[in-house]
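# Structure, please.
(2 chains)
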Protein chains: 2
Amino acid sequence: MPRKPIRVCLAQIEVIPGDPVANTRKIISRMKTARQKHADIIVFPEMAVPGYLLGDEWERPAFLRECEACGEEIRQHSGNLITVFGNVGVDHSNRNEDGRVRKYNAAFIAHRGKFLPPRNGPLPFVAKTLMPNYREFDDSRHFYDLRKLAAESGIDAASLVTPVATPAGMLGCMLCEDAWHTDYTLSPAEILCAQGAQLLINLSASPFTAHKNNKRNRVFSALAHRTGLPLVYVNMTGVQDNCKTVYTFDGASCAYNGQGQISAELPAFRDQTRFIDIPRPPQQMPGRKPRPDPAPEKELYQAVQYGTARFIKRCGVKRVVIGISGGIDSALTAALYRQCLPPQNILLVNMPSRHNSKKTRDLARDLANNLGCLYTEAPINRSVKLTVGQLDGITAASLDGKHCRQLSFNAAALENIQARDRSSRVLAALSAAFGAVFTCNSNKTELTVGYTTLYGDLSGFLASLADLWKTEVYAVAQYMNDKVFRGEIIPQGSFDVMPSAELGPAQDITKGLGDPLIYPYHDCLFRSWVERWNRASPEDIIGWYAAGILEKEIGYDGSIGDIFKNPRTFIADLERWWNLYQGIGIAKRIQAPPVLAVKRRAFGFDHREAQLGPRYTTRYQDIKKQLL
Amino acid sequence: MPRKPIRVCLAQIEVIPGDPVANTRKIISRMKTARQKHADIIVFPEMAVPGYLLGDEWERPAFLRECEACGEEIRQHSGNLITVFGNVGVDHSNRNEDGRVRKYNAAFIAHRGKFLPPRNGPLPFVAKTLMPNYREFDDSRHFYDLRKLAAESGIDAASLVTPVATPAGMLGCMLCEDAWHTDYTLSPAEILCAQGAQLLINLSASPFTAHKNNKRNRVFSALAHRTGLPLVYVNMTGVQDNCKTVYTFDGASCAYNGQGQISAELPAFRDQTRFIDIPRPPQQMPGRKPRPDPAPEKELYQAVQYGTARFIKRCGVKRVVIGISGGIDSALTAALYRQCLPPQNILLVNMPSRHNSKKTRDLARDLANNLGCLYTEAPINRSVKLTVGQLDGITAASLDGKHCRQLSFNAAALENIQARDRSSRVLAALSAAFGAVFTCNSNKTELTVGYTTLYGDLSGFLASLADLWKTEVYAVAQYMNDKVFRGEIIPQGSFDVMPSAELGPAQDITKGLGDPLIYPYHDCLFRSWVERWNRASPEDIIGWYAAGILEKEIGYDGSIGDIFKNPRTFIADLERWWNLYQGIGIAKRIQAPPVLAVKRRAFGFDHREAQLGPRYTTRYQDIKKQLL
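Below is the predicted model:
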């Protein structure tokens, strides 16, 4: 006769970064619920006590002490519930390679007031074996890992990867990356299986990235299938940041049976727990195939909306001011905030200069009307005139009369004066008066090439859309009208109007003039520079162009030949934008607001840069010469 | 009879980050000189071909190909000169743990058109063994290391650390951190010695940090002494950045004899080569004790001046606009730029509002007079009045009339309006008209607690002083007057005047009102939060205060009791600044200009943060309760 199944509680909690006391309170409350429901095991996420993205907070001994005290408190509450939770593991008797106290990214297994150590392991907790060192991850900056420990002791790392014996069987505990082993030389899951693990557990602090859950299902499902063991994956929810980049954590925790099928799945972006019964032997555990990822625009909408809502909550933001131009970026931003805050806490401001068309001004008003938010118009004609009157044409001289220079504004200077007047003068002042912050409405296309004004439209407290290409902004806005509002809340005109900054006569939409970007093409081009795992350079682009495969390589579904009549215009366009991306674009990004990351390689801490200036390789120059 | 000495050329070159072609051109030209002077060996810095701080540029295959081609070119030019240089070593047949091609931070030894590999090593180059993972370093994000390679092959890392056999003897090559082994479990230098190395070579890309050369002399001298081998250290010069943080590389290359004495020393911050003859046996090599570090203010001045000068050169900045208030920060900034650019390329602007005293306005004018730069006054009274007239007291309402709110400015709002008007309106517009950028004059004290206005005085293209505490700003300014200008170029009044933002009646210096910071004390307090290797928290501070050892712990040479009459006022002050440092201060730093780093833990990439909000541990609360 089979034994009683093991009841596992997947505790997908929202973790507050840097607040171990609040997280511990929540952990203990979930333990209580689990006990009431007769769970044998409760599993919390990686770093459930301290949070995961904390910058260099790990360097504060007082913070480590607080985390350790919280871990002790959880241990004392464990009773007969096998409590698996992530915390920092501190080894006070040894040092990290930075000379500070040795720390591990650890899973603790508490039971009856004691920590159960891994079998034969030297540490009282399970230490992370594989350290992610790409994108936004900084694990090896702070944490020692099992592989270093093994090398130090002159033993094989695999010998330190051992399961934990518990009354519910041998648990094979892993931390996040340990299960994403493909590019590493050892696979902790398979070692744990060989060492007699009966249930695999993966504690994660895995930031949301579009399409990542699909990949995770493939990787984890294959792992469960290969080992023949059930696998429980518990990820956190919430929002955490590395200053320049804000990440959502989607949870989407999951259990797989030994055939690699999904036996339970928690919803994305919800603080929730779920109980599953794992039969013994576990072969009888029912399962189904993974669902495909949701439509891209749905997934992006969910992440952007959740990230914005949680971030403003965490920062204590109660009110926002949003500059709305009638265009799609500011309209989507306003629509998103309308899902996060009551209408009386949102102030929409249209700030026309003499270059703004009636059409877009009306669209801004329509949007304000549809959303029901506070609305005001603050024209900038007088203030711009004052600035021009005060400063244009003045003469600056050295007091000894030796040097003298007359100063005057060109067209670009006049455009930027307007943009800065709107943000740094009007929006910032209104925010102060409203007890609010103001938003940055920039998208990733603009941010890539710096087609935005510093201290102007590139200011604000958070850039919610800055990881979305312009074409994705349209798609998410359409999704909101179709599926969220189920009506034309974002005016159709904001979709249809030609995208334009409307800062001068060269951007007069009534004359058919607008942004210099051909978004469907440039979005694809810029994506290849930023988001490809092996990032493309002009050398690659020009090579693909010469070979006639550029469309395919960058995923553009039109024809390059329709846009550029000859290599000369193609190359001029390529160099124009590469120069901006690698030149002034970087300088602007340094001072940009935090970007809400929803995809691979958000600007900031994920896509790290240096002010190297635009460069072209020798091979690029050669191909260019051949083409011209 | 002793054999002919080995002539080594220390090629301390300025490296342009991201420009392998330019760096290679320079390398080959230095090789030519070395050959003319009959050198046996020439040593270039770590990463001399690509540069060191490149963000994620390493992810571009085209860039790697260019670096490899440059390495081949150097190899072909080697002739009978043993050429040791740093470059990225690419192993196309293997992968890094991020799935990209495997890369090493490598030293190549070229001779007679071939690369000489380490004895018994699996790679054609010397790979870095120890990877720094603290401060601004990101090595393990991009590079595989010998220890991982060893673990992968199931062998001991030490067995891969072997010298390179050359016609000039066995060279023990190391890369930077390899010689800073104290906190690691193996010491490459000692292994190389045991393996028969006759000369130790350390190729470095080591950013300047105040007092670091003193420490390096201690560490390297001890290493040479312990191994009994001469040690040649070659570091680069120049300036490189990680976007948020700009680093100077000071060179200060050095040769030590086998007794650990200095036998040659190159000047700091100069692109220079030096030839030394190492006798055989090397025991006869003369040497002397390391000189002590220069005075702190001299060292800081040199680094700030060099970093500013090289950074503007690299960015192609020809002209700057500097807002000068009469205070010390803007005065020092102007004085520094006067050392970098001709006076007609510097525009100094004083922007008084009705709150600025005649005293500071006169000081600004005196400074402009002393420096001989272009000067203008751009009062902001009218524009501030316009903003207040347009926006203060307006009513914003929803278009359906359901919600309505009157908006008005408080004192802080009125202060910030002035600060933004100065930078985002006046300085930005004048910069555009002058073909210039404008500077950020903030110091580290202000930046720590966000005592500065976003899009106001916290804007600009570079914050040259933002790694200096206010007291260090005074010291460097005094040093410039005393030793650089040898006269009162920075007006004495700017030293003597009470520091004040002069943005409102509460900061009226004529009434003895100024900044709320007690700089000598707060500089020490903030330093303990930011710059200590194990960073202090309020828990530590309050504990030290309770124990009566706070002055000693934070290095304050006054008495805390003279500032705070009782624990209540002490704690109120502590919490006020901690709340700002961990709250709005972080939000402001995210959008701050790049900081020129000159010490440990510059804000940005060295001191990494997250918007966690201010927190106080349980133990802090307990001590606080006891004190009150």
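
# how many other residues sit next to A:Tyr479?
The number of residues packed near A:Tyr479 is 20, by other C-beta atoms under 10 Å in any protein chain shown. Where you see a C-beta, it was placed from the backbone N, CA and C, and this is true even at glycine.

# Next, it: phi, psi?
Main-chain torsions, A:Tyr479, degrees, to the nearest 10: phi -60, psi -40.

# which SS class is the nearest residue to it once chain neighbours are set aside?
Counting by C-beta to C-beta, 6 or more residues apart in numbering or on different chains, A:Tyr479 lies nearest to A:Glu297, which is 4.2 Å off, once chain neighbours are set aside. Reduced to three states with DSSP: H, G, I helix; E, B strand; the rest coil, the structure at A:Glu297 is helix.

# I'd assumed A:Asn481 was in contact with A:Glu297.
No. Assessed by C-beta atoms under 8 Å, A:Glu297 is found out of contact with A:Asn481, at 11.2 Å.

# Leaving out chain neighbours, which residue sits closest to the residue in the stretch 1-150 of chain A positioned nearest to chain B?
In the stretch 1-150 of chain A, the residue that lies nearest chain B is A:Gly18 (3.3 Å; C-beta to the nearest C-beta). Of all residues not flanking A:Gly18 in the chain, B:Leu612 sits nearest, at 3.3 Å (C-beta to C-beta, 6+ apart).

# Okay, and the one you found sits in which element?
Using DSSP states H and E, B:Leu612 falls within no helix or strand.

# which residues in the stretch 351-500 of chain A form helices?
A:358-371, A:381-391, A:411-420, A:428-434, A:444-449, A:470-479, A:492-496 (DSSP state H, counting those that start in this stretch).

# and A:Arg7, what does it touch?
Contact analysis of A:Arg7 by C-beta atoms under 8 Å, 6 or more residues apart in numbering or on different chains lists A:37-41, A:275-278.

# hang on, it in a strand?
Yes. Assigned with three-state DSSP, A:Arg7 falls within a strand.

# Tell me which helix or strand the residue nearest to it when sequence neighbours are not counted sits in.
Distances taken as C-beta to C-beta, 6+ apart place A:Ala39 nearest to A:Arg7, at 4.7 Å, with adjacent residues excluded. A:Ala39 is part of no helix or strand when elements are defined by DSSP H and E.

# Near A:Ala39, how many other residues are there?
Neighbours of A:Ala39 (other C-beta under 10 Å): 26.

# What is the least confident helix or strand in chain A?
helix A:146-152 (a mean of 90; mean pLDDT, DSSP states H and E).

# Neighbouring strands of the helix or strand just after it in the sheet, and parallel or not?
Downstream of helix A:146-152, the first helix or strand assigned by DSSP H and E is strand A:164-166. Partners of strand A:164-166 in the sheet, by DSSP bridges, are strand A:169-175 (antiparallel).

# Please save the CA atoms from the partner strand in CSV.
What follows is strand A:169-175, C-alpha atoms only, in CSV (Å, rounded to 0.1, in the frame of the first residue of the first chain):
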residue,chain,number,x,y,z
GLY,A,169,12.2,12.1,2.7
MET,A,170,15.4,13.3,1.1
LEU,A,171,15.0,16.8,-0.2
GLY,A,172,17.2,18.0,-3.0
CYS,A,173,17.3,21.8,-2.5
MET,A,174,18.6,24.1,-5.1
LEU,A,175,18.7,27.9,-5.5
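
# Which residues of the stretch 101-250 of chain A lie near chain B?
A:101, A:130, A:133-134, A:138, A:140-141, A:147-148, A:150-152, A:154, A:156-157, A:182-185, A:240-244 (C-beta under 8 Å from any C-beta of the partner chain).
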